[in-house]
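> Okay, predicted coordinates and the sequence, questions at the end:
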Amino acid sequence: MALLAMTPLRAETLADVLTAHKIPVNLFSASDRQQPITSYAVSSDNSPFLLAYYDDDASGRLPSVLHVIRYDEQIHQLRRADLHGAKIPFLGFSTIMEQVSSNCLGSAQDISEKDGFITINTHINPSAGCVLVLNTDLTFSAGLWGWVLAKIDGNIIFEESMIHFAPVQSAKLSIYDPRQKQLIRIFPNEIDSARQQFSAELKKHLPSSQWCARENHSCNPDEFETDINKVTVSEQAFSFDVQMSPQGFGEEAEQAVKPKTVHYTCKLKDGKWLLTSAEASSAAQ
């Protein structure tokens, strides 16, 4: 048993992953097949087969190149690409990247293809990530700060990244049209009675200015803790739940203001995505 515990596990190779998904390994050179890989993501099916991965150089750190493979079994077409990060200025999480940021070369967590575009989710930290959008020929199309929640009608629904150590984590949901290269913020919406009601209640129980200064907290009642979940897609519409919480606003607010869950529906109307309804309910205790 001691001998087994001391024996290092063999690193998974590219050939191991290809074989597990019944992809012809003879399409790759011997050196490629034998290459150990790490921090990879594989598509959920083989239509087409997609793989995003890093070479494992045994350093414990990720190399600066993300490899992407696309294999179309129907026409026996293999495409490969290497994504290199660039040191581009950070202009905020709501911006569209025209190059792959070096900050986005974290572990690949998900890869999928729909409506002529491939998305790769990569990890930065628990509150931030990147969506790398590629064309089917594996050329880079755009980068988004966040992670994919769903896809609909050729669009990408994603949650935007957040500052990890911010006093409150206020979630934001946006939709991106890769054909038009257009990004639209869906939530939060300025005209939202549910948010306005929660903000008004929170305002009644704000901590003192001294507490806010000590905690380096803006204490803005319009910026409170929210969490997005239960995203459901239907034809030309999608819905999601938002949990609103007074967490982070001090003991009085956290005791006096009840958390609640709001259900939203967003529909495509006259070519525009509109938040059409919201139904509030008390959060489960």
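Looks like it came in fine.

> give me the low-pLDDT residue ranges for this protein?
Within the chain, the stretches with pLDDT under 70 are 1-10, 277, 279-285.

> Pop the domain breakdown of it in here.
10-186, 188-285 (automatic domain parsing).

> Relative to residue 54, how far out is residue 103?
Residue 103 sits at a distance of 15 Å from residue 54 (criterion: CB to CB, to the nearest Å). All C-beta spots, glycine's among them, are computed from the backbone N, C-alpha and C.

> and residue 164, which of the three is it?
coil (DSSP: H, G, I helix; E, B strand; the rest coil).

> likewise the one 10 residues further on?
Classification of residue 174 by three-state DSSP places it in strand.

> next structured bit after the helix ranked longest in the chain?
Using DSSP state H, we find that the single longest helix of the chain is helix 193-203. Downstream of helix 193-203, the first helix or strand assigned by DSSP states H and E is helix 209-214.

> circling back: any chance of the domains of the chain in CSV, plus mean neighbour count?
Output for the domains of the chain, formatted as CSV (neighbours: other CB atoms under 10 Å):
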stretch, mean neighbour count
domain 10-186, 17
domain 188-285, 15
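
> Okay, now the sheet partners of the longest strand that the chain contains, with direction.
Assignment by DSSP state E gives strand 140-152 as the longest strand of the chain. Strand 140-152 pairs in its sheet with strand 96-97 (antiparallel), strand 128-135 (antiparallel), strand 155-160 (antiparallel), by DSSP bridges.

> so residue 95 touches residue 145, yeah?
Yes. Using CB atoms under 8 Å, residue 95 is in contact with residue 145, at 7.2 Å.

> Give me the common contacts of the two.
The overlap between the contact sets of residue 95 and residue 145 (CB atoms under 8 Å, 6 or more residues apart in numbering) is empty.

> if I read this right, residue 79 contacts residue 50, doesn't it?
No. Look at residue 79 against residue 50 with CB under 8 Å: they stay out of range, at 10.0 Å.
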